[in-house]
Each structure stands twice: as structure tokens, then as C-alpha cells.
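> based on what follows, work out the 3D shape:
(one chain, ligands or ions: 3)
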Amino acid sequence: MQAAKQPSKITVSDQGTLQVPDVPIIPFIEGDGIGQDIWPATRLVIDQSVQAAYGAERRIEWRELLVGEKGFHETGQWLSDEALETIRTHVVAIKGPMTTPVGSGIRSLNVAIRQKLDLYACVRPVAYIDPVPSPLKTPEKIDMVVFRENTEDLYAGIEWQAGSAEADQVIDFLNTRMGTALGPETGIGIKPISAVNTKRLVAMAIAYAIEHDRASVTLMHKGNIMKYTEGAFARWGYAVAAERFADRTITEAELWDRYDGRRPEGKVIIKDRIADMLFQQVLLRPDEFDVIATPNLNGDYISDALAAQVGGLGMAPGANIGDGCAVFEATHGTAPKYAGQDKVNPGSLILSGAMMLEHMGWHEAATALRKALQATIKDGLVTYDLARQMPGAKEVKCSAFAEAIVERLG
Ligand SMILES: NC(=O)C1=CN([C@@H]2O[C@H](COP(=O)(O)OP(=O)(O)OC[C@H]3O[C@@H](n4cnc5c(N)ncnc54)[C@H](OP(=O)(O)O)[C@@H]3O)[C@@H](O)[C@H]2O)C=CC1
Ligand SMILES: O=C(O)CCC(=O)C(=O)O
Ligand SMILES: [Mg+2]
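Numbering: from 1, shown residues only. Ligands and ions are numbered 1, 2, ... in the order given. Here you go, the predicted model:
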């Protein structure tokens, strides 16, 4: 009899390639709120997809990290250095959503994980899965991937409360030294956008577009108003395309000047759009957009808005990716009013799991998962969020949706 394979860590080779053993140890964070509902459903589907694809050859050894509310209750820490180090050394992890209080209290743990592990790209694919309900007439035209800068911008949390000594000091500096006229009861937030962080994010987006034969990368910004942050993002985006991908990219202006608007084979078009206007173009002409690269806050807004076109937040997956490791998570939050009801759609986290399997090179398992999820929806078995938009569909619970997917694995 063959000895059982021992679990071990995923590693990264000197060339930067992932080395995935047959039984990788993958850390997970259950998450707050609906995390208790969607994580067990997701884990079941991932495990069974791996089993369906590889039988006894491969499996995942899960390792729980106590982070967020569960971490605070059981260990007194919201996010320990040990948890971060475990993610770093295990290279791939997956997490449920975590609560961030509005207007006071702790800062976002989700953002802290991204910043501390330098997961500089938040990658959120938005693709239509037939027959998920959509408010668009031609939802099959939607197939975009948002690359959102993940470490800076207003999201960095550099801010001071109105009336605090720190805010007053900053206001005094700005008024006396920088020519502003800010009033005393003013909250202050800082919006840092740097060349280095912009360029590495846009470079990852362009490399993705080249690898996946995407037609364009759109730089989304509000650079007419915020010239030196969002405007600079667009400028640095074009600069990195020219510096690193000159032979594989063409700007929209060059396309019209030299090719009458027709894309030369093998070239990715680099274009830019002002953010407010882009929100209407992705609705009206979604097929004109492929990869979207954008600063942090725009990316936050557009990824939820795009999710609405392909079934809502219950169907929107994502990944936080850096050069060292990756943490997969849904686009949505903790939806507290549904916590513990076994009601919400686990689809976002399940599809984040499919992204994780692809990242690990376990493509057969990812494909099996995606097909089974689509078959379940095609059979009209959906959670409340899709059921309310799909006449004739049968509403099932979160766990039952996962079980129905498992029944449909090849
Ligand atoms: N990465 C993370 O961990 C994130 C954390 N958050 C945090 O989550 C908390 C709540 O944020 P909030 O703004 O309410 O946004 P949420 O994304 O948590 O939920 C908003 C609404 O979206 C719908 N929704 C979300 N998830 C699902 C799902 N799985 N299935 C079906 N419907 C879903 C529900 O709509 P309906 O009411 O119409 O049924 C829900 O009420 C905040 O503390 C926030 O900071 C937010 C985003 C990301
Ligand atoms: O961290 C949070 O609480 C919110 C984060 C968020 O909305 C996002 O990253 O999309
Ligand atoms: Mg968000």
C-alpha cells in the first residue's frame, strides 16, 4: 500500500514560478458576518472539485487563521503578525469578508492584509455566466478584468479627524505655508499615488492582457480634477506601457493615426477614460472594455458596479496579488443582516476559489468547479439574490446551493 502523501507548503522557485505539492497547506480566514455561511459552502465545493479532477492524487490541507472578530474573541488580536507570516510563508491563502466599522473604530483588516503583504493588485474579473439575471440586454458582452491598485490612494487610511490636534496642525501648515484657506472643523485625508505603485500595477494589467490576448487596457482615472494623483496615474500608465511593452502595445491615439482604428494583430490598445464617464460606457458598450487598470478607490467603486451587471455581489470573485503571495477573496463584504441564516450566495467566494485553483495551476479542478456552478444555475437552483430576479427559479439555501454544485461535478 502506498503511504499517504504528507501536506506541505506551496513555494516559489527562483524564477518566480509556483511549486505546488499534491497536498498543499492553504491558510484560510473564515471571515465575519456571512463568512460563517459562505466559507463552509466554499470549502466543500473546492474540496470536491479537487477530488473530482484528481481523485486521491491531490487534496488541500486547510489551516484556519484566527483573524477578525473570531480572532479578537478567541485570542484578543484582530490580525496577528503570526497570521500574516503564515500567509506569507504559505504563498496562497483565501479569506472571507471582514467588518470595518463606519466613522470610528478599527481600520480595515482587509486593507491591512493587502498593505502588509504588499498584495499590490486587486484583480476582479467580471464575466457573464449564462443564465444569471442581468439588467443589461446583452450581458454576454461583459467580459472585463479590473486591476485595482491595492496599497495606496485615499484607501491608505492617512486621515485626521476634524477638531483633532493633528488635523489642526495639518490645517495650520496648509494655510500658513501652502496657500489654502481651510476652516477649523475640517477632517483631512491624504491621497498618495506614486509612480512606483502605479507602474507595477499597470505593468501587471498589461502583462495579463498580453498573456490572455485581450484587446485593450483602459486606464480609469479622474485626472482632470485630481491632476497630480489620478492624472499622474494615467501618465505613468502610458509611460510603463512605452518603457516595458513597446512592441506589444499601441496607444489609442496611434491606432487612429496609423491604423484607422483597426487593432494590429498581437497589440494591446492602451487607452484612458475619465472615471465618471467610464461608468456609463461600461453599461452602454461593455464590449469596448477588456482590462481596466485604476487607482484604489475607483477600483472599489467600479468593481461593485460591474458586479451588478453579472448577477450582483453574490457572483463577484477576486484576488489580491503581489510578487510574493496571493490572497483570494470575494468582492462583497460581511452583509451582516444575513449572518448565520444560511441564505446568501456563496458564488463569489466559490468563484474566488476557482481563481485560486487556476493560480495554483490546478486548471482541471477550476474548470470542473465553474462548469458545475453554471449547471446548477442553469437548472434553476439559486440563492435568494438570483431567485428574486429569475422567474421560475427555485430558491435554495447557501449550503444547498453548494451541495447542488457538488452533485453536478463531472
Ligand atoms: N473585502 C472585504 O472583506 C469587504 C468588507 N466589507 C465590509 O463589510 C461590511 C458590510 O458592508 P456593506 O457595504 O453592507 O456591503 P456588503 O457587500 O457586505 O453587502 C451589501 C449587500 O450586497 C448584497 N450581498 C453581499 N454579499 C452577498 C452575497 N454573498 N450573496 C447575496 N447578496 C450579497 C446584499 O444585498 P441585499 O441587501 O440587496 O440582499 C447585501 O445586503 C462593512 O463593514 C464593510 O466594511 C465590504 C466590502 C469588502
Ligand atoms: O475593508 C473593507 O471593509 C472594505 C473593502 C472593500 O470594500 C473592498 O476592498 O472592496
Ligand atoms: Mg468594495
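> can we go C-alpha only for contacts and neighbour counts from here?
OK.
> interface residues of the stretch 101-250 of the chain facing ligand 1?
Counting by CA under 6 Å from any ligand atom, the stretch 101-250 of the chain comes close to ligand 1 at 101, 110.
> and if we set it to 5 Å?
Counting by CA under 5 Å from any ligand atom, the stretch 101-250 of the chain comes close to ligand 1 at no residue.
> so which residues of the stretch 101-250 of the chain form strands?
Using DSSP state E, counting those that start in this stretch, the strands of the stretch 101-250 of the chain run over 121-127, 143-149, 159-160, 188-189, 216-221, 249-251.
> let me have those in TSV, extended by mean pLDDT.
Output for the strands of the stretch 101-250 of the chain, formatted as TSV (pLDDT from 0 to 100):
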stretch	mean pLDDT
strand 121-127	97
strand 143-149	98
strand 159-160	98
strand 188-189	98
strand 216-221	98
strand 249-251	98
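> please convert these to TSV, extending it with distance to Gln6 and mean neighbour count.
Formatted as TSV, the strands of the stretch 101-250 of the chain follow (distance: least, CA to CA, whole Å; neighbours: other CA atoms under 10 Å):
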stretch	distance to Gln6	mean neighbour count
strand 121-127	32	26
strand 143-149	36	26
strand 159-160	47	16
strand 188-189	49	16
strand 216-221	43	27
strand 249-251	45	21
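> wait, which of the ones you listed is closest to ligand 2?
Ligand 2 lies closest to strand 121-127 among the strands of the stretch 101-250 of the chain, at 8.1 Å (CA to the nearest ligand atom).
> tell me the strands beside that closest one, with direction?
Sheet pairing for strand 121-127, assigned by DSSP bridges, gives strand 143-149 (antiparallel), strand 319-321 (antiparallel).
> a markdown table for those strands, including distance to Pro40?
Listed next are those as a markdown table, based on distance: least, CA to CA, whole Å:
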| stretch | distance to Pro40 |
| --- | --- |
| strand 143-149 | 27 |
| strand 319-321 | 19 |
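> of these, which is nearest Gly347?
With respect to Gly347, and counting by CA to CA, the nearest of the strands paired with strand 121-127 is strand 319-321 at 14.4 Å.
> buried set for that closest one?
319-321 (16 or more other CA atoms under 10 Å).
> now Lys378: how far from Asp385?
Computed as CA to CA, to the nearest Å, the Lys378 to Asp385 distance reads 15 Å.
> so which of those two has more stuff around it?
Applying other CA atoms under 10 Å to Lys378 and Asp385 shows that Asp385 carries more neighbours, namely 18 against 15.
> any buried residues in stretch 257-264, and which?
Buried residues in stretch 257-264, defined by neighbour count with 16+ other CA under 10 Å: Arg263.
> hmm, who's touching that stretch?
Residues outside stretch 257-264 that contact it (CA atoms under 8 Å, 6 or more residues apart in numbering) are 215, 252, 255-256, 269.
> CSV for those residues, including neighbour count and pLDDT?
CSV is the format used below for these (neighbours: other CA atoms under 10 Å; pLDDT from 0 to 100):
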residue, neighbour count, pLDDT
Ala215, 20, 97
Glu252, 18, 97
Leu255, 16, 96
Trp256, 12, 95
Ile269, 24, 98
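> what about those, which are in strands?
Among the contacts of stretch 257-264, DSSP state E puts Ile269 in strands.
> show me which of the contacts of stretch 257-264 is closest to ligand 2.
Nearest to ligand 2, judged by CA to the nearest ligand atom, of those is Ala215 at 25.8 Å.
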